[in-house]
Every structure is written in C-alpha cells, then in structure tokens.
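Q: here is my input; please provide its structure:
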Amino acid sequence: MAYILILMRYNASDHSHSRMKINIYLGELAAYHGEDFMNMTDAKATIGIIGGSGLYEFFEGDVNEISVETEYGHPSDKISVGQMFGKQISFVPRHGKKHSLPPHKIPYTANIAALHSLGVKQIISPCAVGSLKSEIEPGHFVICDQFVDRTYGRAQTFFDGPSVAHIETADPYCAELRRLAIDSASRLGLKAHPKGTVVVVQGPRFSSTAESLWFSRMGWDLVNMTQYPEVALAAELGICYLNISVVTDYDVGVYAKHGIAPVSIDQVMAIFKQSTEKLKTLISEIIQNVPSGCACECKQRAERAKIT
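A: Coordinates of the predicted model:
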C-alpha cells in the first residue's frame, strides 16, 4: 500500500488575513499510474455540499475520500469528492459520518476553510429545522433568506486579528442561488417556501415552550442548531451559500398554541429520512443548472469587508 502527501498553501494574496495549511492524504495509490493517477489526485471542486450521510449517493462513478487538515483543525470528517453532471462536487458530513458531533462541537471554521481550499465557490447546505408556524408543515422545504443568532461560544470568524474585517450580513444567503433553488423546487412540484427566517439555537437540547413561544411572537419561521456560524463563515471567504431547510417537526411553541405534538428526535429523524429523496432530487436539479459564475455580490462583499 502506498500513500502520497500533498501540501497545499492557501494563497495569501487572495485573503491576506490567513495562510491556511492544507494536508491531503490519498490512500491505495500503488495501482494508479499516469493519467489515472492524476485523476485520482485531483481534489479540486467548485460546488460544496454540507449535509447528512444520505447525500453520498449524489456522486456519479468513483468517489475519492480525502483527509484535510487546516490551521483551524480537522473538518467534521473526511471529505468526499466526486462528479455530478460533469461538475466536481465536495461533500462534508456536518456531524461526522457517525453523527458523533453535536451542533455546538461542529468544527465550522475547519469545514468552510477546507472546502475553500479545494476551490469551492458555491455551498449548498441542507439542514433539519423545526417549524414555528402552523402553515410551514413537516415535509415542506424552506429556502431561507435570514437568520437570527442565539448561539454562544462558537468560533465564528476567520478574522480574529491582526487582520480585521466586518462582513455584511444584511442579506446573508446568496440571492442568485436562492432564485435558482426556488425555481428548481417549482419545476419539480415540491412544496418549498421561498423565504424564511431561521433562529439558530445552541443545542443540543430542543427549545423550552417559553423559548419557542418567544421565537414565534418575534415572527421567526424556523428553529435550527447549525446554520450559524456556517453561513457567516462562507460569506467571509466570498463563497456563495444556499440553505435548504427540511421541516421535520413543529416546535413546542406551535404545539402549545395548536395542540400539535411537540418535537422528538424520533420524529425529526423519521421525517428527514422521508424527505431525503425529494431533497436529493432538488439538490440535483440545482447542481445541474448552477452557473459556473454566479452573478451576485458574495465575492465583492467579502472584499469590501476587509480593513487590514
């Protein structure tokens, strides 16, 4: 058995605040030679997916698994790199392959830094959410346009000094990818709400009834544990970021007002599993139609954010 170590240095001229060291390990290379060897070691990808294990089946043909180490530590797990519709895709299991990482322990900075080092320009980020409104039903999708951060203690920026930047998050999700997702869901006949505000809680516990009622009274639509700081970190690196929220349950605030059963982990897992095929179809449609260059301001916003 032979192994190869490839050392890649992040281009400091692109983002002077950080020089990321990325180590990529590829195994079982003894049987690969010439062009096949080059294909095996090409780990570049333009589209990244951060999600659950049910999404592995996206890839067409061979899938390479790579171990990546960044200056922010290791990502949640090995990154799978494969092809779909002739496009190179990287997949990160957000909670690890065995779902061993609770929401507050996910290495968000390492995940985003690793994808960026592989050349990812656009991230599709499906996640499970609880509904705070009776009309947003379990099994529906929501293409979020806003978030509210209620987390604490998470590493949430690449700009900890001496380089400083203040990223704009008035409109945190990529407008172009959102339009594409909304159009794709419509073509497929899926029930997808075209916008929504997700309040991101620390977890791993679910909300109390009082908290959930408060979230509902504030007019927020969904509750989740992982969207922040993921979306903000992607913004800092100029990566277009799309969220597809999969509604798995009614949160306890809706339960208190309408007599609907409160959230349980069994219900969350069951509904998410039921929605997986529809989710995969939607993401496939998005990937097939995503442009190579997004006509948005995500990259320019990251450049404007820099002070030093």
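Q: contacts for the helix or strand in which residue 281 is found, please.
A: In this assignment (DSSP states H and E), residue 281 forms part of helix 265-289. Identification of contacts with helix 265-289 by Cβ atoms under 8 Å, 6 or more residues apart in numbering yields 47, 49, 52, 54-55, 57-58, 84-85, 87, 89, 124, 126, 128, 130, 138-139, 141, 177, 180-181, 184-185, 187-188, 190, 192, 242, 244, 246-249, 261. The C-beta positions use only the backbone N, C-alpha and C, and glycine is treated the same way.
Q: can you rerun that using 6 Å?
A: 54, 84-85, 124, 126, 128, 138-139, 180-181, 184-185, 190, 246, 248-249 (Cβ atoms under 6 Å, 6 or more residues apart in numbering).
Q: of all those, which two lie farthest apart?
A: Largest separation among the contacts of helix 265-289 by Cβ to Cβ: 85 and 249, giving 32.7 Å.
Q: among those two, which residue is more densely surrounded?
A: More crowded of residue 85 and residue 249, by other Cβ atoms under 10 Å: residue 249, with 26 against 12.
Q: how close does that one sit to residue 285?
A: Applying Cβ to Cβ, to the nearest Å, the value for residue 249 to residue 285 is 25 Å.
Q: same question, residue 294
A: Distance of residue 294 to residue 285, computed by Cβ to Cβ: 17 Å.
Q: and residue 303, by the same measure?
A: For residue 303, the distance to residue 285 - Cβ to Cβ - is 31 Å.
Q: three-state assignment of residue 211?
A: helix (DSSP: H, G, I helix; E, B strand; the rest coil).
Q: do residue 82 as well
A: Of the three states, residue 82 takes strand under three-state DSSP.
Q: hang on, it packs against residue 65?
A: No: Residue 82 is not in contact with residue 65 according to Cβ atoms under 6 Å; the separation is 9.6 Å.
Q: and the two? Which one has more around it.
A: Under the criterion of other Cβ under 10 Å, the comparison of residue 82 against residue 65 puts residue 82 first, with 19 against 15.
Q: since we're on the residue lying closest to that one once chain neighbours are set aside, how many residues are nearby?
A: The shortest distance from residue 82 to any non-neighbouring residue, by Cβ to Cβ, 6 or more residues apart in numbering, is to residue 59 (3.0 Å). Number of residues near residue 59 (other Cβ under 10 Å) recorded here: 16.
Q: any figure for the gap between residue 59 and residue 280?
A: Per Cβ to Cβ, residue 59 is found 11 Å from residue 280.
Q: quick check, residue 72 in contact with residue 111.
A: No: checked against Cβ under 6 Å, the pair residue 72 and residue 111 is beyond contact range at 8.8 Å.
Q: so which residues of this structure form strands?
A: Applying DSSP state E to the chain gives strands spanning 4-9, 21-26, 47-51, 60-69, 79-84, 87-93, 122-131, 141-142, 146-150, 192-193, 197-201, 222-224, 240-250.
Q: now mean pLDDT too, for those, in CSV please.
A: Below are the strands of the chain laid out as CSV (pLDDT from 0 to 100):
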stretch, mean pLDDT
strand 4-9, 33
strand 21-26, 40
strand 47-51, 95
strand 60-69, 86
strand 79-84, 91
strand 87-93, 94
strand 122-131, 95
strand 141-142, 98
strand 146-150, 98
strand 192-193, 98
strand 197-201, 98
strand 222-224, 97
strand 240-250, 94
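Q: residue 162 is nearest to which of these?
A: Using Cβ to Cβ, the strands of the chain put strand 21-26 closest to residue 162, at 18.4 Å.
Q: and stretch 64-83, what's buried?
A: Neighbour-count burial for stretch 64-83 flags 64, 66, 68-70, 72, 75-82 (criterion: 16 or more other Cβ atoms under 10 Å).
Q: for the residues you listed, which one is nearest residue 201?
A: Nearest to residue 201 among the buried residues of stretch 64-83: residue 76, at 19.4 Å, using Cβ to Cβ.
Q: and the nearest residue to that closest one once chain neighbours are set aside, how far is that from residue 89?
A: Nearest residue to residue 76, sequence neighbours excluded (Cβ to Cβ, 6+ apart): residue 96, at 4.9 Å. Residue 96 sits 19 Å away from residue 89, going by Cβ to Cβ.
Q: with residue 44 instead?
A: Relative to residue 89, residue 44 is positioned 11 Å away (Cβ to Cβ).
Q: what bridges to residue 150?
A: residue 201 (DSSP bridges).
Q: and for residue 92?
A: Beta bridges link residue 92 to residue 50, judged by DSSP bridges.
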